[in-house]
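**Q** Sequence isn't available, so here's the structure alone:
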């Protein structure tokens, strides 16, 4: 059983910063990388960022490029999301994901991020 636990969410004013953390525990067959998705009220879940352990390659949604930075530690199964210059439209529940195969993913419960204008 794999568990992912996020932390670091909260309420911040526009222009502020938050740092999200996610730690995975338990056994997986494989761990190719970790990342973040978010879901705003009334909207579909959307991709935010991903970190592939092979080559430490990062991917970002266009909406967060230049503002968010993903980092992590493969040996510790942890991933972080540094969010700067936050906007009200960044308000959402942010969920951590662990990629364990082409179609195999594990999800955390999520942490609320609220950005006030």
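**A** The structure has been received and is ready for your questions. For clarity, every value in this text was computed on a predicted model and none was experimentally measured. Numbers count the residues shown, from 1 in each chain.

**Q** The residue nearest in space to the middle of the chain: what secondary structure?
**A** By Cα atoms, centre = their mean, the mean C-alpha position of the chain lies nearest to residue 36, the distance being 2.4 Å. Local secondary structure at residue 36 is given as strand here, using DSSP: H, G, I helix; E, B strand; the rest coil.

**Q** List the residues that contact it.
**A** The contact partners of residue 36, by Cβ atoms under 8 Å, 6 or more residues apart in numbering, come to 20, 22, 48, 49, 50, 70, 79, 81, 94, 95, 96, 97. Quick note: C-beta positions are derived from backbone N, CA and C, even for glycine.

**Q** Run a quick neighbour tally on the fourth one.
**A** Read it as residue 49. Residues lying near residue 49 (other Cβ atoms under 10 Å) number 22.

**Q** got the contact list for the helix or strand bottoming out on mean pLDDT in the chain?
**A** One helix or strand of the chain scores below all others by mean pLDDT, DSSP states H and E: strand 105-107, with a mean of 94. Counting by Cβ under 8 Å, 6+ apart, strand 105-107 makes contact with 2, 4, 24, 28, 95, 96, 97, 98, 99, 100, all of which sit outside it.

**Q** So which bits of it are buried?
**A** residue 106 (16 or more other Cβ atoms under 10 Å).

**Q** which regions of this protein lie under the pLDDT threshold?
**A** Screening the chain residue by residue with the criterion pLDDT under 70, one finds no matching range.

**Q** any idea how far residue 42 is from residue 106?
**A** Residue 106 is 26 Å from residue 42, where distance means Cβ to Cβ, to the nearest Å.

**Q** same question but for residue 51, I mixed them up
**A** The span separating residue 51 from residue 42 equals 28 Å under the rule Cβ to Cβ.

**Q** okay, these two: which has more neighbours?
**A** The residue with more neighbours, out of residue 51 and residue 42, is residue 51; 22 against 5, by other Cβ under 10 Å.

**Q** Can you get me the centre-to-centre distance for stretch 90-98 and its chain?
**A** Between the centre of stretch 90-98 and the centre of its host chain there is 5 Å, according to Cα atoms, centre = their mean, to the nearest Å.

**Q** Regarding residue 89, what is its secondary structure?
**A** Assignment for residue 89 (three-state DSSP): helix.
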